[in-house]
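Enquirer: predicted model follows, preceded by the sequence.
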Amino acid sequence: QVQLQESGPGLVKPSETLSLTCTVSGYSISSGYYWGWIRQPPGKGLEWIGTMHQSGNTYYNPSLKSRITTSVDTSKNQFSLRLTSVTAADTAVYYCVRESGGNSHFDYWGRGTLVTVSS
Amino acid sequence: QSALTQPASVSGSPGQSITISCSGTSSDVGNYQYVSWYQQHPGKAPKLMIYDVSNRPSGVSIRFSGSKSGNTASLTISGLQAEDEADYYCNSYTSSSTYVFGTGTKVTVL
């Protein structure tokens, strides 16, 4: 069974960089699929952040693209997200996901991790 | 990219059927068969319920069905049950090689 688990600081100061890692178990990232991030501000809806492939292909939300960096570490079976210059608007539950079906849907989700941006 | 439009809330009595709409444009819902639906209970991660407009993943009840006409996709829940009370989000692939979610619909079982 594929499982995803987010990890990273729960509190980030304004203007600093948010860094999260997703550890995948039950499937080898190097075997394929795209992997990504989705976030949900408290009490609000879902927002797609971006997806990445171990080959280096990436697709990002245009509204966040200038602040996003992603990476894949196949040796650790992990992928990561860095979001720079954060503000209170970046406070959200961040989910890591697996994209399946080729541009289709997100079939596996992590439990999510709350990141609060505050001084 | 603008969020897909969903009704804020839909309600129904146990046993009834309800339909949630998801309105997009010719750049997303209208141009691709890549529409999916997610169910989210409070404090939980979303769960995939429908993919590619009308396909159900293994383990999802046959009471959930999806369809699409033009720029609008729909999720129907038949035989509404108390456990179906949750938030539902649609999602579509777009012509910009991105994804966009719907605004979300709260389903209440009366």
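Expert: Great, that's in hand. Numbering: from 1, shown residues only, chains lettered A, B, ... in the order given.

Enquirer: spell out which parts of chain A neighbour chain B.
Expert: Within chain A, the positions near chain B by C-beta under 8 Å from any C-beta of the partner chain are A:45-48, A:51, A:59-63, A:95, A:100-101, A:103-107, A:109-112. For glycine as for every other residue, the C-beta is placed from the backbone atoms N, C-alpha and C.

Enquirer: you'd agree B:Val53 is up against B:Val35?
Expert: Yes - with contact defined as C-beta atoms under 8 Å, B:Val53 counts as touching B:Val35 (4.9 Å).

Enquirer: so what sits against both of these two?
Expert: B:66, B:68, B:73 (C-beta atoms under 8 Å, 6 or more residues apart in numbering or on different chains).

Enquirer: A:Gly50 - how many residues pack around it?
Expert: A:Gly50 has 22 neighbours, counted by other C-beta atoms under 10 Å in any protein chain shown.

Enquirer: just the element for it, please.
Expert: strand A:47-52 (DSSP states H and E).

Enquirer: so what are the sheet partners of that strand and their directions?
Expert: Here strand A:47-52 has these sheet partners by DSSP bridges: strand A:34-40 (antiparallel), strand A:58-60 (antiparallel).

Enquirer: from B:Asp28, how far off is the residue lying closest to A:Pro41 once chain neighbours are set aside?
Expert: Leaving aside its sequence neighbours, A:Pro41 sits nearest to A:Ala92 (C-beta to C-beta, 6 or more residues apart in numbering or on different chains; 4.5 Å). The spacing between A:Ala92 and B:Asp28, counted by C-beta to C-beta, to the nearest Å, is 22 Å.

Enquirer: do the same with B:Gln40
Expert: In terms of C-beta to C-beta, B:Gln40 sits 21 Å off from B:Asp28.

Enquirer: between these two, which one's more packed in?
Expert: B:Asp28 (25 against 19).

Enquirer: any idea of the pLDDT on the more buried one?
Expert: pLDDT for B:Asp28: 96.

Enquirer: identify the residues contacting B:Arg56.
Expert: Counted by C-beta under 8 Å, 6+ apart, B:Arg56 has contacts B:49-50, B:62, B:64-65.

Enquirer: which of those residues are buried? Put it as a PyMOL command.
Expert: For the buried members of the contacts of B:Arg56, the matching PyMOL selection, counting by 16 or more other C-beta atoms under 10 Å in any protein chain shown, is:
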select buried, chain B and resi 49+50+64+65
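
Enquirer: what about the contacts of B:Arg56, which are in strands?
Expert: B:49-50, B:64-65 (DSSP state E).

Enquirer: okay if I get these as CSV plus pLDDT and distance to A:Gln5?
Expert: Below are those laid out as CSV (pLDDT from 0 to 100; distance: C-beta to C-beta, whole Å):
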residue, pLDDT, distance to A:Gln5
B:Met49, 98, 23
B:Ile50, 98, 26
B:Phe64, 98, 27
B:Ser65, 98, 32
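
Enquirer: quick one: which of these is nearest to chain A?
Expert: Closest to chain A out of these is B:Ile50 (8.5 Å), distances taken as C-beta to the nearest C-beta.

Enquirer: quick one: the closest one and B:Ile77 touch, right?
Expert: No - under the criterion of C-beta under 8 Å, B:Ile50 is not in contact with B:Ile77, lying 10.6 Å apart.
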